[in-house]
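Undergrad: next input, structure requested:
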Amino acid sequence: MIKITLNVVMAKRNISTGELAKLVGITPTNISILKTGKAKAIRFSTLEKICKALNCQPGDILTYVDTEDDDGINLRDF
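TA: The predicted structure is shown next:
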């Protein structure tokens, strides 16, 4: 599972959803969808613009979290 920490980076940079949306060139609604982790995908060009606007790396806002234990059980099912 990919965990989105965009809201954390935005808070550290003291930037609002509206401000980031203007800088990136997408709607505030789409920024909110990204912040809440409801997005199913993100274009590399959008990710690049977000990173430029926030002066961060993709790994600062996207983190891989293993959701299976050693027995192959999907922990998201619990």
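Undergrad: name the helices or strands packed onto the top helix by length along the chain?
TA: Identified as the longest helix of the chain according to DSSP state H is helix 44-54. For helix 44-54, the helices and strands in contact under the criterion 3 or more CB pairs under 8 Å, 6 or more residues apart in numbering; DSSP states H and E are helix 6-13, helix 17-24, helix 58-61. For every residue, glycine as well, the C-beta is placed using N, CA and C.
Undergrad: ok and the first one relative to helix 17-24, angle-wise?
TA: Interaxial angle of helix 6-13 relative to helix 17-24 (axes from the mean of the first three to the mean of the last three CA atoms, to 10 degrees): 90 degrees.
Undergrad: not counting helix 6-13 itself, show me its contacts.
TA: Residues outside helix 6-13 that contact it (CB atoms under 8 Å, 6 or more residues apart in numbering) are Ser16, Thr17, Leu20, Ile31, Leu34, Lys35, Ile50, Leu54, Asn55, Cys56, Asp60, Ile61.
Undergrad: please redo it, this time with the cut-off set to 10 Å
TA: 5, 15-17, 19-20, 31-32, 34-37, 39, 42, 50-51, 53-57, 60-62 (CB atoms under 10 Å, 6 or more residues apart in numbering).
Undergrad: go through that helix and flag the buried ones.
TA: Using 16 or more other CB atoms under 10 Å as the test for burial, helix 6-13 gives Leu6, Asn7, Val9, Met10.
Undergrad: may I have the secondary structure class of Lys38?
TA: Assigned with DSSP: H, G, I helix; E, B strand; the rest coil, Lys38 falls in the coil class.
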